[in-house]
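Asks: Please work out how this folds:
(one chain, ligands or ions: 1)
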Amino acid sequence: MTEPTVSLEALRQRIDALDNDILRLISERAACAQRVAEIKTDREPGALFYRPEREAQVLRRIMELNKGPLDSEEMARLFREIMSACLALEQPVKVAYLGPEGTFTQQAAIKHFGESAISLPMAAIDEVFREVEAGAVNYGVVPVENSTEGVINHTLDSFMDSGLRICGEVVLRIHHHLLVAETTRRDKVSRIYSHPQSFAQCRKWLDAHFPQAERVPVSSNAEAARLVKTEWHSAAIAGDMAAQLYGLAKLAEKIEDRPDNSTRFLIIGNQDVPISGEDKTSLVVAMRNQPGALHDLLEPFHRHQIDMTRLETRPSRTGVWNYVFFIDFKGHREEPRVAAMLEEVQLRAAEVKVLGSYPVGVL
Ligand SMILES: C=C(O[C@@H]1C=C(C(=O)O)C=C[C@H]1O)C(=O)O
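Replies: Residues are numbered from 1 along each chain as shown. Predicted coordinates:
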């Protein structure tokens, strides 16, 4: 009986000693980050300290080096928070996101920038763009596509009128839950609130389990959660953040029809991000309405062996050009192969706007 007690004691002493080391090392790291910030300010007063490409490299390196027992994503999340805290020491990043509080977009903002960033909810996607354009915040976070429901047109359209650049991307696994106020019974639920996208992502589950309940679309799933807080016959479809924020109970967990349901968010800002080593580029291209236009546009991608990850068509809003294409591909605009391809596309298209080259989402 005494053996395990002794070794437990010894292990706790070892953990205390390790914590001392971790504490000292994190403090040393923070002091280094402070020095980096001083050098940046000396070089350029008012410089932005946040470097998306450097942060992506730090996280990728940690994931490569990690040997367990913690899995690499978990380890990267810990380092994400250390970097976030180091950066906040000098200049907390201010981020506007599509609100209200408790939305998946807020969750994406925290996943990307860490808990030490200051995040501010906006009522609409164009407001997020406007806040960044006005310089009231450093970055914005907006959803751009969902694996089940497809593209979020409003975000694409906002880019057409904006001079902002894409500085990063973050992909979030979306888990929806059926949430109710503490006292609500399952058999009393006659109405379900959610955002139309979330209804679409849970359609089959709802048809099977709540075919009779009225489905009421609202502006966000956080708003849905807020509404059911005081309604004993209603439920909301929303995520963990909204459940926590409003203290709701889960009647059913992970009710999304597809287990791999995920949403991609873009980080928008004013920065041209240098090469990180694993990057993506986004473009808007306007083509004249003539036979073979799409083929002409795609041919240089094929010839330079550039991996296109997304192609969306939107009606042009200016009326001058008939088609507008949104294209994502792997590579950075400063890589020679990509630069050569872009030059050719520029010759063939009526207009090309590079929305940004940015690190592929790490977490
Ligand atoms: C320390 C730096 O500045 C910031 C903080 C970082 C960090 O804590 O590792 C990384 C990139 C920047 O966002 C840097 O540029 O190296």
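
Asks: where does the chain have low pLDDT?
Replies: 1-5, 317-321 (pLDDT under 70).

Asks: Just give me how far the helix or strand containing residue 95 sits from the chain centre.
Replies: Assigned by DSSP states H and E, residue 95 belongs to strand 94-98. Strand 94-98 has its C-alpha centroid displaced from the chain centroid by 11 Å (C-alpha atoms, centre = their mean, to the nearest Å).

Asks: Parallel or antiparallel, which strands does it pair with?
Replies: Strand pairing for strand 94-98, using DSSP bridges, gives strand 118-122 (parallel), strand 139-146 (parallel).

Asks: Does the top helix by length along the chain reach the ligand?
Replies: Ranked by number of residues, the top helix in the chain under DSSP state H is helix 2-43. Yes: using C-beta under 6 Å from any ligand atom, helix 2-43 reaches the ligand at 33, 36. For every residue, glycine as well, the C-beta is placed using N, CA and C.

Asks: Tell me how the chain divides into domains.
Replies: The chain breaks down into these domains under automatic domain parsing: 2-89, 92-174+262-269, 178-252, 279-359.

Asks: What helices and strands are in contact with the longest helix of the chain?
Replies: helix 72-90 (3 or more C-beta pairs under 8 Å, 6 or more residues apart in numbering; DSSP states H and E).

Asks: and the angle from the helix it packs on to strand 118-122?
Replies: In terms of direction (axes from the mean of the first three to the mean of the last three C-alpha atoms, to 10 degrees), helix 72-90 departs from strand 118-122 by 100 degrees.

Asks: Need the residues that contact helix 72-90.
Replies: 26, 29-30, 33-34, 37, 49-50, 55, 58-59, 62-64, 66, 70, 93, 111, 113-117, 362-363 (C-beta atoms under 8 Å, 6 or more residues apart in numbering).

Asks: can you check stretch 191-202 too?
Replies: Stretch 191-202 has contacts (C-beta under 8 Å, 6+ apart) with 146, 148-149, 174, 176, 178, 206, 210, 213-221, 223-224, 227-228, 231, 233-238, 255-258, 261.

Asks: before we move on, back to that, are any of the contacts of helix 72-90 buried, and if so which?
Replies: Buried members of the contacts of helix 72-90, counted by 16 or more other C-beta atoms under 10 Å: 30, 33, 37, 49-50, 55, 58-59, 62-63, 66, 93, 111, 113-114, 116-117, 362.

Asks: In helices, which of the residues you listed fall?
Replies: Per DSSP H, helices hold the following members of those: 30, 33, 37, 55, 58, 59, 62, 63, 111, 113.

Asks: what's the spacing between the last one and residue 82?
Replies: Here the criterion is C-beta to C-beta, to the nearest Å. By it, residue 113 lies 13 Å from residue 82.

Asks: List the buried residues in the helix or strand containing residue 344.
Replies: Using DSSP H and E, residue 344 maps to helix 336-348. Neighbour counts over helix 336-348 (16+ other C-beta under 10 Å) mark 338, 341, 342, 344, 345, 348 as buried.

Asks: Stretch 159-175 too?
Replies: Using 16+ other C-beta under 10 Å as the test for burial, stretch 159-175 gives 159, 162, 164, 165, 166, 167, 168, 169, 170, 171, 172, 174.

Asks: Keep only those that also lie close to the ligand.
Replies: Counting by C-beta under 6 Å from any ligand atom, no member of the buried residues of stretch 159-175 is near the ligand.

Asks: Which of those sits closest to residue 126?
Replies: Residue 126 lies nearest to residue 162 out of these, by C-beta to C-beta, at 8.9 Å.

Asks: Spit out the contact partners of the closest one.
Replies: 129, 133, 268.

Asks: Just the ones of those in helices?
Replies: Filtering these for helices - DSSP H - leaves 129, 133.

Asks: Looking at the contacts of residue 162, which is nearest the ligand?
Replies: For those, the residue nearest the ligand by C-beta to the nearest ligand atom is residue 268; the value is 16.9 Å.

Asks: Show me what stretch 47-54 is in contact with.
Replies: 36-37, 40-41, 87, 90-91, 93, 138, 167-168, 267, 271, 273-276, 279, 358-359.

Asks: Quick check on these: which are buried?
Replies: So, by 16+ other C-beta under 10 Å, the buried ones in the contacts of stretch 47-54 are 36-37, 40, 87, 90, 93, 138, 167-168, 267, 271, 273, 276, 279, 358-359.

Asks: and the stretch 1-150 of the chain, which residues reach the ligand?
Replies: Contact residues, the stretch 1-150 of the chain versus the ligand (C-beta under 6 Å from any ligand atom): 33, 36, 49, 50, 51, 54, 55, 58, 83, 86, 87.

Asks: farthest pair in those?
Replies: Among those, 49 and 58 lie farthest apart (C-beta to C-beta), at 13.9 Å.
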